[in-house]
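Visitor: coords please:
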Amino acid sequence: MIQTDDKGNANFLVYGYSPSNEHLGENGISVFHYDKENNESKELLFIPFSQPAEMIDKQIHKLCYVNEWNNLFHVR
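Guide: Sure thing, here's the model as predicted:
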């Protein structure tokens, strides 16, 4: 979970094999927005990753962060 608001909306990361229709079965990092009012999630960004999912798991906390202006950063 990256961020939530007082209305129940959320931004979150999913990594490993992608659950989205556009990238189904691909390995990478997806950023999603969940809209509580419409009860739906929308993929905002997909970053393909050629290494095994275990490598993402070991490094994810070092790769991404959100600043005070709600900008998501991916660090290589």
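
Visitor: Can you show me the strands along this protein?
Guide: Per DSSP state E, the chain has strands spanning 3-4, 10-17, 27-35, 40-48, 64-66, 72-74. These are given in chain order.

Visitor: Sheet partners, orientation included, of the fourth one?
Guide: Using DSSP bridges, the strands paired with strand 40-48 are strand 27-35 (antiparallel).

Visitor: Just the CA atoms of the partner strand, as PDB, please.
Guide: Coordinates of each C-alpha in strand 27-35 appear next as PDB, following Å, rounded to 0.1, in the frame of the first residue of the first chain:
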ATOM      1  CA  ASN A  27       6.700 -10.000 -14.600                       C
ATOM      2  CA  GLY A  28       7.100  -6.500 -13.300                       C
ATOM      3  CA  ILE A  29       5.800  -3.800 -11.000                       C
ATOM      4  CA  SER A  30       2.300  -2.300 -11.400                       C
ATOM      5  CA  VAL A  31       1.000   0.800  -9.700                       C
ATOM      6  CA  PHE A  32      -2.800   0.800  -9.200                       C
ATOM      7  CA  HIS A  33      -5.400   3.300  -8.000                       C
ATOM      8  CA  TYR A  34      -8.500   1.900  -6.200                       C
ATOM      9  CA  ASP A  35     -11.600   4.100  -6.400                       C
END
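
Visitor: orientation of that strand relative to strand 10-17 in degrees?
Guide: With axes from the mean of the first three to the mean of the last three C-alpha atoms, to 10 degrees applied, the angle from strand 27-35 to strand 10-17 works out at 160 degrees.

Visitor: before we move on, the earlier item: relative to Lys58, which of the strands of the chain is closest?
Guide: Using C-beta to C-beta as the criterion, the shortest distance between Lys58 and these is 10.8 Å, found for strand 10-17. C-beta: built from backbone N, CA, C; applies to glycine.

Visitor: which neighbours does that closest one have in its sheet, and in what orientation?
Guide: strand 3-4 (antiparallel), strand 27-35 (antiparallel).

Visitor: Now render the ones you listed as a markdown table, adding mean pLDDT.
Guide: A markdown table is the format used below for the strands paired with strand 10-17 (pLDDT from 0 to 100):
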| stretch | mean pLDDT |
| --- | --- |
| strand 3-4 | 81 |
| strand 27-35 | 89 |
